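Trainee: how would this look folded up:
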Amino acid sequence: MKTTSRTAPAAVVILIIAAAAAIYWLFQNPAPAPTKTAGDSAETETSPPLAGATTASPDTRNPEPAPTPTPKPTPRPEPAHVPAPPPKTARALDPGLAPPDFAGFLEWDSRKQAQAVTGRMKNPNLDAATLRFFKAAIHDPELSLLVRNNMANALLNQERKDRQLYREFIDMCRDPEQPERWRAYCLQFLAETRPYTGDKGAVDRTLFGLARGDDPLASQAQMMLATLEQRGQLRLDGEFSTLQAAVLSNETAATGDRIAALSLLGQRKAAECRGIIRQYATKPCPEQRAAIAALGQIANPEDKPIIQAVLDDPDADFLVKKAAETAIKNFE
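Mentor: Sure, this is the predicted structure:
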């Protein structure tokens, strides 16, 4: 009996523990939520996700996949602005312009070309087809300077003058694609057209424009203007002498340009420029001979001692002394 009485309380304790364990398990493992159906409320389906949760993927009930967005092209940087090159006016000769006597002209060697052109250079009444051909051919930089020169002279030598010929020479004077030597020739040809040109103002503006600028032909243009003045075809004012004085004051000017400027100042008897001419006349330099000659042409009595000093100098350059001997005569 004592054993039975001890077992009963122990069994009760075990039952209490088992019941407590079952209740604890139920609280830790609640029943699963019911599966959603088509009739469930929209509010439940569109509930915002919890903080930190990943956005839900598209609804699996929709058989059509979500469209893939078209990627936008990556914008390219704007290209740097590159100015267009200046247009070329030098043009090659069209073989189709050649008259029968010049058929195959471009295939001839330069000697044959020159002979054919030179033979017609002094003909003052060339036919219209030959004149058109020469007028086009003088623009072709592939032809020799001799051929182009003789074609230009043939055009200038015509008895019936072409009043529009000046335009061809203006185009080539201004064209940097033409050889510099040919451009210099064209300045001379342009001056030759002035007496009968259809627009004397265009000729003068071209010559003055080149004479005032830093073009390599500036001195050549100035000489053509002075030549036209000597011929009585135009009158130059004091501005022209100022151009020559500016050349003499320019330390970077070529020696040839300075000599040309001194010659022009003497030729025009530009007494207002005597000061800068004297600077070259009183020192040994490549320009001294031209400066002495210019002072002799101006013939201001105040400059006679400078020329006499050269004559008295035993070490003076031979050609400079010769220029002084000629110049001193203008003071007598």
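Trainee: so which residues of the stretch 201-332 of the chain form helices?
Mentor: Counting by DSSP state H, counting those that start in this stretch, the stretch 201-332 of the chain has helices at residues 218-230, 238-249, 255-267, 274-281, 288-298, 304-312, 318-328.
Trainee: pick the most buried one from those helices.
Mentor: Mean neighbour count (mean count of other Cβ atoms under 10 Å) peaks for helix 288-298 among the helices of the stretch 201-332 of the chain, with a mean of 25. (Each C-beta comes from the backbone N, C-alpha and C, glycine too.)
Trainee: what angle do it and helix 304-312 make?
Mentor: 140 degrees (axes from the mean of the first three to the mean of the last three Cα atoms, to 10 degrees).
Trainee: quick one: mean pLDDT for helix 288-298?
Mentor: Across helix 288-298, pLDDT averages out at 96.
Trainee: residues in contact with it?
Mentor: By Cβ atoms under 8 Å, 6 or more residues apart in numbering, the residues outside helix 288-298 that reach it are 258-259, 262-263, 265-267, 269-271, 274, 277-281, 303, 306-307, 310, 317, 319-320, 323-324, 326-331.
Trainee: from the chain's centroid, how far away is it?
Mentor: Chain-centre distance of helix 288-298: 40 Å, with Cα atoms, centre = their mean, to the nearest Å.
Trainee: check stretch 137-144 too.
Mentor: Computed by Cα atoms, centre = their mean, the chain-centroid distance of stretch 137-144 equals 23 Å.
Trainee: what comes up buried for it?
Mentor: Buried residues in stretch 137-144, counting neighbours by 16 or more other Cβ atoms under 10 Å, are found at Ala137, Ile138, His139, Asp140, Pro141, Leu143.
Trainee: contacts only, for Ser263.
Mentor: Ala290, Ala293, Ala294.
Trainee: quick one: which of those residues is nearest Gln188?
Mentor: Minimum distance to Gln188 across these is 21.0 Å, recorded for Ala290 (Cβ to Cβ).
Trainee: gap between the closest residue to that closest one other than its chain neighbours and Ile292?
Mentor: Excluding its sequence neighbours, the residue lying closest to Ala290 (Cβ to Cβ, 6 or more residues apart in numbering) is Leu262, at 3.9 Å. Look at Leu262 and Ile292: by Cβ to Cβ, to the nearest Å, they are 9 Å apart.
Trainee: who touches both of the two?
Mentor: In contact with both Leu262 and Ile292: no residue, using Cβ under 8 Å, 6+ apart.
Trainee: adding distance to Val147, write the contacts of Ser263 out as TSV.
Mentor: Output for those, formatted as TSV (distance: Cβ to Cβ, whole Å):
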residue	distance to Val147
Ala290	34
Ala293	37
Ala294	38
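Trainee: how far out from the middle of the chain is stretch 225-238?
Mentor: That offset, for stretch 225-238, works out to 33 Å (Cα atoms, centre = their mean).
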